[in-house]
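> Just a sequence and a predicted model for now, questions to come.
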Amino acid sequence: MIAIIKYNAGNIQSVKNALNRLGQEVIVTDDKDIILQSDRVVLPGVGAASSAMADLSRSGLDEVIKQIQKPFLGICLGLQLLCNHSEEGDTPCLGIFDAKVKRFSTVQKVPHMGWNTIYDLKSTLFENVPEPSDVYFVHSYYAELCQDTVGTCDYILPFSAVLQKDNYYATQFHVEKSASIGERILQNFLEQ
């Protein structure tokens, strides 16, 4: 069973649909016991870091996320919330990854939206994924490069497209909207 964490952030249904297409049994829940007992856990997200973290803190899910021992996948805002801090609303985050989340400068169009290339892929998430590959992004904030960066993208500057530490994986791009490459990455996550 895969648990998708239910909280005040969008994008849950499209992630559920993508996992269902891969034949997975999925439950969308904010029940702490179900989340901790699941085989895998996904934290999707679209929205603001400050309101998302406030919702996770209010429900106690912020502490539950830190206890998870099974494979865990953060997607988009889910990646940012797993970092130390976000400039968006000056928000303290979960601190799984030792990285800061910063706002893109307005030199180029923000948000970074559309297909872009990921490279320097160093994770089992990329088994049978060609390098470089194109995936789908929508974001105005990015995680800086750090020791947990296992995939990079360039938009204005190089940033962490994928982070991994222990059982925690996270993609800044939307795997559920990234066609066959995203499907392969999801399948690889399911095999962790």
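Sure thing, it's come through. As the structure is a computational prediction, the values presented were derived from the model and not from experiment. Residues are numbered from 1 along each chain as shown.
> burial count for L43?
30 (other Cβ atoms under 10 Å). From N, CA and C alone the C-beta is placed, and that goes for glycine too.
> hang on, isn't it packed against I68?
No. Counting by Cβ atoms under 8 Å, L43 does not reach I68; the two are 9.6 Å apart.
> Residue most distant from the centroid, the chain?
Distance from the centre of the chain peaks at V107, with 25.3 Å (Cα atoms, centre = their mean).
> Isn't that residue up against L157?
No. Using Cβ under 8 Å, V107 is not in contact with L157; the gap is 9.7 Å.
> which residues in this protein form strands?
Taking DSSP state E to define them, one finds strands in the chain at 2-5, 26-29, 40-43, 72-75, 85-86, 91-92, 100-103, 112-119, 133-139, 141-143, 149-155, 157-165, 168-171.
> Export the ones you listed to a markdown table and append columns for distance to E127.
Putting those into a markdown table (distance: least, Cβ to Cβ, whole Å) gives the following:
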| stretch | distance to E127 |
| --- | --- |
| strand 2-5 | 19 |
| strand 26-29 | 22 |
| strand 40-43 | 16 |
| strand 72-75 | 15 |
| strand 85-86 | 30 |
| strand 91-92 | 33 |
| strand 100-103 | 27 |
| strand 112-119 | 14 |
| strand 133-139 | 12 |
| strand 141-143 | 23 |
| strand 149-155 | 12 |
| strand 157-165 | 13 |
| strand 168-171 | 13 |
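> The residue minimising distance to the centre of the chain: what's it in contact with?
With distances taken as Cα atoms, centre = their mean, I75 lies nearest the centre of the chain, 2.2 Å away. Applying Cβ atoms under 8 Å, 6 or more residues apart in numbering to I75 gives the contacts 11, 15, 42-45, 170-171, 174-176.
> Out of those, which comes closest to I5?
L43 (4.9 Å; Cβ to Cβ).
> Burial check on V110, number of neighbours?
So V110, with other Cβ under 10 Å, has 15 neighbours.
> isn't it right next to F104, touching?
Yes. Using Cβ under 8 Å, V110 is in contact with F104, at 4.9 Å.
> For the strands of the chain, could you give me a markdown table that also reports distance to L61 and mean pLDDT?
Shown next, in a markdown table, are the strands of the chain (distance: least, Cβ to Cβ, whole Å; pLDDT from 0 to 100):
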| stretch | distance to L61 | mean pLDDT |
| --- | --- | --- |
| strand 2-5 | 6 | 98 |
| strand 26-29 | 10 | 98 |
| strand 40-43 | 9 | 98 |
| strand 72-75 | 12 | 98 |
| strand 85-86 | 17 | 98 |
| strand 91-92 | 15 | 98 |
| strand 100-103 | 19 | 97 |
| strand 112-119 | 27 | 96 |
| strand 133-139 | 22 | 97 |
| strand 141-143 | 20 | 98 |
| strand 149-155 | 25 | 97 |
| strand 157-165 | 19 | 98 |
| strand 168-171 | 15 | 98 |
